[in-house]
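In: 3D, please:
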Amino acid sequence: MKSQELVHIHALLLELRMFLERDGAAPAGAFDAYEAQPVRPTHIHRPKTAHERAIGLLLDGLDQSVRTHPPPDQAPIS
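Out: Modelled structure (predicted):
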């Protein structure tokens with residue numbers, strides 16, 4: 001994957017994180033590991049590996065959020 005694509009995915013996942021936090025669906029501490037690392041989507045000149053690691057940490061936090069607060073059951077489609 002290209003660096004530009006990784007930065008874009010990084011930014012999108014960060015938006016999803018902020019949405020979950022505003023909605024109250026993110027448990028406390030779910031994104032502490034992400035906050036501890038220095039790379040943000042605006043750091044476009046950082047190495048690809050740094051963005052890959054940041055994306056992985058965001059995905060871990062998102063996974064924890066979804067497992068803690070699963071989506072409501074959907075109505076069956078008729």
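In: so where's the chain shaky on pLDDT?
Out: 71-78 (pLDDT under 70).
In: could you redo the last one with a cut-off of 50?
Out: 75 (pLDDT under 50).
In: which residues of it fall in helices?
Out: Using DSSP state H, the helices of the chain run over 3-23, 32-36, 48-68.
In: of the ones you listed, which is nearest Thr42?
Out: helix 3-23 (8.3 Å; CB to CB). All C-beta spots, glycine's among them, are computed from the backbone N, C-alpha and C.
In: what number of residues lie near Pro27?
Out: Number of residues near Pro27 (other CB atoms under 10 Å) recorded here: 14.
In: how about Leu13?
Out: 20.
In: give the contact list for it.
Out: 55, 58-59, 62 (CB atoms under 8 Å, 6 or more residues apart in numbering).
In: quick check: Ser65 vs Lys2, distance?
Out: To Lys2, Ser65 is 28 Å away according to CB to CB, to the nearest Å.
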